[in-house]
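Participant: Okay, sequence plus prediction incoming.
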Amino acid sequence: MNARLHPNRLSENVNAIRVRDGRDRRAMTLAELLIGMVIMGLMTVVLAGMSNAVNSAWTYTKGVEITEQSAAAAFERIKYMLAQTGTYRLTGQPTRLGMAVMSRTVGSTTIPDVLVLWTGGRNGGMALSGTQARLPVASELLIYTWDSSNPSQLLEIAFPGSSGNVDFAATDFSMTISTLLADTTADRIPLCDHLRVSSLSATAATTTSGASSGATSYYPTTGFGSMYGSSVSSGSTATATTSSAAAEQSVGCVRFDIVLAPSDAELAGVTVGSTQWYQLTWPQGSVGSRSGMRQATLNLELQIEPDGVVAGTGSVNAIPFFDSGSVRYVYEP
């Protein structure tokens, strides 16, 4: 039979143990407390770093996904309207496709960033009307370019209130388009609002025509950076003046290019129905003694900044997107 300890005797034994150990085990020592705080601090720093990395990765991935969707939507819209492009043929003149690219020259840099399509307006349908025996009307045009007041936006511009004729082969074609772009009553709809905005040095800015040329190289040897210059904030105004004599002009990074097969140079001087006529680069060899099937390929390029991603000093976060579409029409010289 085990003897029971008296409560007073038990308390004396506990006190004796405390005396022998030299410390009270009911609390942590200062050293143990400091070590615990250090460990907890290190764990907090590690967890905070991991959380920040995960959040940054999620933000970047979401930005890239939105950017891809924005580029795809813009490309699909432009290619859809490309398929609506009509043709016209005046007496004594060859068949002309209502599609052209205009180039703007800023300083020593020339950028083909204005696309003109004769679609019949935003509802399209001009291609289904067949080859017309009249000139296009301004109200039937669509123009794609960046917004001069907000270069980060890619616009689709229509002119429902304009009634003047537009000849894509006229020498004053570029002046006509420039006048239309300056029209404050034009109907402007943004297709993309995250274009990369670059700053180019310019003492003067002019506009030249680059319509229907198959000799222009789509990919310049200068590359993106040297062609477009340094990036600027997407909230910048279209033109900013520096302390020097030259001005800095902000431009949206978008390019268009048209490649024709056969090209204008190949068709020049060739007699219809001759051996040289049949040897031209007709798509799939579709050619007859009086006409041939001509193909126009439109190459597109957009540089878009991912949403929510801030570029560091001297760096570019913009993602280049490329696409192309083509349309064929019967060409008669």
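Facilitator: Right, received. Where do you want to start?

Participant: Okay, helices next: where are they in this structure?
Facilitator: Counting by DSSP state H, the chain has helices at residues 7-21, 30-82, 173-181, 223-228, 264-267, 275-278.

Participant: Show me the shaky parts of the chain.
Facilitator: Confidence mapping of the chain against pLDDT under 70 gives the ranges 1-26, 55, 57, 59, 202-246, 308-316.

Participant: Find the centremost residue of it, please.
Facilitator: By Cα atoms, centre = their mean, the chain has its centre lying nearest to Leu302, at 2.7 Å.

Participant: Could you tell me which residues make contact with it?
Facilitator: Residues near Leu302 by Cβ atoms under 8 Å, 6 or more residues apart in numbering: Ala71, Ala74, Phe75, Leu154, Cys192, Leu195, Cys253, Val254, Pro320, Phe321. All C-beta spots, glycine's among them, are computed from the backbone N, C-alpha and C.

Participant: With Asp187 instead?
Facilitator: If you count contacts by Cβ under 8 Å, 6+ apart, Asp187 has them with Ile157, Ala158, Phe159, Pro160.

Participant: what's the distance between the last one and Val106?
Facilitator: Counting by Cβ to Cβ, to the nearest Å, the gap from Pro160 to Val106 is 30 Å.

Participant: Please apply the same query to Arg290.
Facilitator: When Cβ to Cβ is the yardstick, Arg290 and Val106 sit 44 Å from each other.

Participant: same check, this time on Met293
Facilitator: Distance check for Met293 against Val106: by Cβ to Cβ, it reads 38 Å.

Participant: Between these two, which is the more surrounded one?
Facilitator: When neighbours are counted by other Cβ atoms under 10 Å, Met293 and Val106 differ, and Val106 comes out ahead with 23 against 16.

Participant: is it true that that one touches Gly252?
Facilitator: No - counting by Cβ atoms under 8 Å, Val106 stays clear of Gly252, with 11.8 Å between them.

Participant: May I see the contacts of Leu302 organised as CSV, with neighbour count and distance to Ile35 added?
Facilitator: Listed next are these as CSV, based on neighbours: other Cβ atoms under 10 Å; distance: Cβ to Cβ, whole Å:
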residue, neighbour count, distance to Ile35
Ala71, 23, 54
Ala74, 23, 59
Phe75, 19, 60
Leu154, 27, 59
Cys192, 22, 56
Leu195, 27, 55
Cys253, 27, 56
Val254, 24, 60
Pro320, 14, 53
Phe321, 18, 55
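
Participant: In the residues you listed, find the pair that's most separated.
Facilitator: Spatial extent of these (Cβ to Cβ) is set by the pair Phe75 and Cys253 at 15.0 Å.

Participant: tally of neighbours for the closest residue to Val287 other than its chain neighbours?
Facilitator: What sits nearest to Val287 in space, not counting adjacent residues and going by Cβ to Cβ, 6 or more residues apart in numbering, is Tyr278, at 6.0 Å. Using other Cβ under 10 Å, Tyr278 has 14 neighbouring residues.

Participant: ok, Tyr278 to Val330 distance?
Facilitator: For Tyr278, the distance to Val330 - Cβ to Cβ - is 16 Å.

Participant: For Leu97, which residues count as its bridge partners?
Facilitator: Going by DSSP bridges, Leu97 is paired in beta bridges with Thr87.

Participant: isn't it right up against Val327?
Facilitator: Yes - contact criterion Cβ under 8 Å: Leu97 and Val327 qualify, at 7.3 Å.

Participant: related to what we said a few turns ago, winner for burial among the helices of the chain?
Facilitator: Among these, ranked by average contacts under mean count of other Cβ atoms under 10 Å, first place goes to helix 173-181 (a mean of 17).
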